[in-house]
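>>> curious how this folds, go ahead:
(one chain, ligands or ions: 2)
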Amino acid sequence: MTETATTNEKLNKFEKFKAEKDGLAVKDEIENFAQIGWEAMDENDLNHRLKWLGVFFRPVTPGKFMMRMRLPNGILTSNQMSALAEVVQRYGENGSADITTRQNIQLRGINIEDIPDIFNKFHKVGLTTIQSGMDNVRNITGDPVAGLDADEFYDTRELVQQIQDMLTNSGEGNPEFSNLPRKFNIAITGGRDNSVHAEINDLAFIPAFWGNKDQLPIFGFNVLVGGLFSAKRCEAAIPLNVWVSPAEVVSLCKVIVEIFRDHGLRANRQKARLMWLLDEWGIEKFRDEVEKRFGKSLLPAAAKDEIDWEKRDHVGIYKQKQPGFNYAGLNIPVGRLYADDMFEIARLAEVYGSGEIRFTVEQNIIIPNIPDSSLITFFTESILERFAVNPGLLMRSLVSCTGAQFCNFALIETKNRALAMIKSLESELILSRPVRIHWTGCPNSCGQPQVADIGLMGTKVRKNGKMTEGVDIYMGGTVGKDAHLGTCVQKSIPCEDLQPVLREILIQNFGAKVREEALISH
Ligand code: SRM
Ligand code: SF4
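Ligands and ions are numbered 1, 2, ... in the order given. Predicted coordinates:
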C-alpha cells in the first residue's frame, strides 16, 4: 500500500479489513465456505471479501447470493449464455439475471454451497466473475457494435479484452490491483456516438485523430479522467490533455490505475474516487506523474474529438458493415431475464446469428451477424413479443437499477414500478420520439439518472404525516455528442403521485400527446 495511505492518513474501516487480509485471499477459501455455509463465515469475508470473487451476499435475501460477471465489451457466446442460464435455472423461482448498466450480467438466487461447482463451470466456458465488485476495476465497457458498425473509427473489442487481462491476470485474479482505494470504471469508445457514456467513467478513451494538415492524421484516443457518480458527488470526467495511440492504451490504463492505487485517498471512503485525488493534486501534477510512470513524454490531447453523432440505442434491425448481415437489438425491459429467456436468446444467436450475444449499457441485447435471408423467419420468433425490436418509445429507453427487491441500499422499489408506470404512460400518451427515463433506487446512481432525459432517484418523502417511497426528478442529461449531466429539477415526489407528474413532463417537454381513448376514460 501507499506511503500516503499508511503514514499520512487515518484509515477507514474498509481500509483496515483490506489491510488485514486481501480481498482476493478468499479465492482459496471458497471450498471451505461452501462446506461451512454462509452463517458460519467471518463477517468481512461474507459481506465484503466475497465481492472480490464477484459474489455478493444480499441482506435482503440472506443465503441467496448474487454473482456479477465480467464481460469485456459486453460480449458473450451462446454457449456462455447457456451456462449462465443453467446456473439461474437451478434456483427455480429464486433464479433470475439482470443485464447491468455496465454491459454486464448479474445472476441471482445462488446458494453458497454451489459456488465452487459454478466457478468450475464458468472456467470451462471461459467466463469469470473475478474482481467485479468492491475496490476493483469494474467491467470495462466498449462500443456494443464494435466490428459491426461501418462508421466506427476503431473496433474496441481486443483492447478492452487486453485491459481486462492485464488488470485481472487473465481472469485468474491479480493481487497487484486488488487493493484500490475504491471502485474504478474504464470505458473505451471507437465510434462516433459515445455509446458507453465515456464521461461518467474514472478513465475513458474517446476517438481523436492526431496530426495537422501537413501530416496524415493518425487514429488514437483523447483521455478523460475522474468521472463519477456517488451519493456525495457527481462529476463528468475532465480532459487529461493526453492523446494516445491504440497501442499505448493498455500501458496507460496500467499506469493510471497504479497511481490511483498508490496515491488515491483512503481516509474518507466517501472521498476516495479518482476525482478527489485530482482535486488534491491538480490535473498538471497528475499528468506529470502519469508521464513519469509511463516512461516517455505523452502527446497533448488532439484539438478535437470525433464524437459527432447523437447516441444510438441499437434497438431494432440494422445493417452491418459486412454486406448481407444485420444486427438485431432486442429491448429487454429493465434488463431482467429468467432462465428460459436466456436459453431462448442463446438459441436465437445460434440459429440466426454466429452464436454471439452482446449487451448494451441500456440493459438491452444485440444479436449480430444475422443474414438478410434469415430475417423474415427471425421476425416470427415468439420471444420477440416480449423482447421487441420495435418497442414503445418509452419502454425502448427505460433503464433501471436493481432497487429494493435485492439491494439493501435502496430507498425504493425500482424495476417493477418502472415497468408498470411506463406501460401506463404508453397507454395514455402518443410519443413522437424516444424519451430516456432512468430509475435509480438511491443516490449511488447505479441507474445513471444524470444521463437521462428524465432521471428518477429514489428517496424517502413525507406524505400525510407518514414516510413513503418517493423520487427526486433529474432532467437535462444529454448523451452522444456534447454529452452533459442532468440536474435535479424537482424534489420529493411520492411515487404514488409520480405518474401524473411524468405525464405532464412528457407533454410539456417532450411533445407527447394524450391518446383519445385516455381522454375519454379520464
Ligand atoms: Fe452500482 C453499489 C448495482 C452500476 C455506483 N451497485 C452497488 C451495489 C453493489 C450495492 C450493494 O452491494 O447492494 C449494487 C448491487 C445491487 C444488486 O444486487 O444488483 C449495485 N451498480 C449496480 C448495477 C447492477 C445497477 C444495474 O441495475 O445495472 C450496475 C452494475 C454494473 C456492473 O456490471 O459492474 C451498477 N453503480 C453503477 C454505476 C453506473 C456505471 O458504472 O456507469 C454507478 C455510477 C457510476 C460510478 O460508479 O461512478 C454505480 N454502485 C455505485 C455506488 C456509488 C459509488 C461511489 O463512489 O460512492 C455504489 C456504492 C458503493 O460502491 O459503495 C454502488
Ligand atoms: Fe442499489 Fe442504490 Fe445502486 Fe440502485 S442505485 S442498485 S438502490 S445502490
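
>>> element containing residue 369?
Counting by DSSP states H and E, the element that carries residue 369 is strand 365-371.

>>> after that strand, next one along is what?
Using DSSP H and E, the helix or strand that follows strand 365-371 in sequence is helix 375-379.

>>> the very next helix or strand once past that following helix near ligand 2 anywhere?
Going down the chain from helix 375-379, the next helix or strand is strand 399-400, by DSSP H and E. No. Counting by Cβ under 6 Å from any ligand atom, ligand 2 has no neighbours in strand 399-400; the shortest distance is 8.3 Å. Quick note: C-beta positions are derived from backbone N, CA and C, even for glycine.

>>> ok, the strand holding residue 369: who's next to it in the sheet?
Strand 365-371 has its sheet partners listed here by DSSP bridges as strand 325-330 (antiparallel), strand 356-359 (antiparallel).

>>> which SS class is the closest residue to residue 29 other than its chain neighbours?
Distances taken as Cβ to Cβ, 6 or more residues apart in numbering place residue 45 nearest to residue 29, at 7.3 Å, with adjacent residues excluded. Under DSSP: H, G, I helix; E, B strand; the rest coil, the three-state class of residue 45 is helix.

>>> just to revisit the earlier point, tell me the buried residues in the strand holding residue 369?
Buried residues in strand 365-371, counted by 16 or more other Cβ atoms under 10 Å: 365, 366, 367, 368, 369, 370.

>>> ok, now stretch 422-430?
422, 425, 426, 428, 429.

>>> same thing with stretch 209-218?
For stretch 209-218, by 16+ other Cβ under 10 Å, it's 209, 210.

>>> that stretch: how far from the chain's middle?
34 Å (Cα atoms, centre = their mean, to the nearest Å).

>>> what parts of the stretch 151-300 of the chain come near ligand 1?
Within the stretch 151-300 of the chain, the positions near ligand 1 by Cβ under 6 Å from any ligand atom are 182, 183, 185, 200, 228, 229, 230, 231, 273.

>>> hmm, the last one is touching residue 200, no?
Same thing as residue 273. No. Between residue 273 and residue 200 there is no contact under Cβ atoms under 8 Å: 11.6 Å.

>>> identify the contacts common to those two.
Residues touching both residue 273 and residue 200 (Cβ atoms under 8 Å, 6 or more residues apart in numbering) are residue 228.

>>> residue 357 pairs with what?
Going by DSSP bridges, residue 357 forms beta bridges with residue 76.

>>> same check on the one 10 residues further on?
In this structure, residue 367 has beta-bridge partners residue 328, where bridges are defined by DSSP bridges.

>>> quick one: which helix or strand includes residue 460?
Assigned by DSSP H and E, residue 460 falls within strand 454-463.

>>> list the strands paired with that strand, with their directions.
When DSSP bridges is applied, strand 454-463 pairs with strand 437-440 (parallel), strand 466-475 (antiparallel).

>>> the last one - what's its average pLDDT?
What strand 466-475 shows for mean pLDDT is 98.

>>> stretch 305-325 now?
Rounded mean pLDDT across stretch 305-325 is 96.

>>> how about stretch 28-35?
Per-residue pLDDT over stretch 28-35 has a mean of 98.

>>> for stretch 110-126, same thing?
Averaging pLDDT along stretch 110-126 yields 98.

>>> mind checking pLDDT for residue 11?
pLDDT, read off for residue 11, is 82.

>>> report how many residues lie close to residue 162.
16 (other Cβ atoms under 10 Å).

>>> quick one: it from residue 142, how far?
Distance from residue 162 to residue 142, counting by Cβ to Cβ, to the nearest Å: 11 Å.
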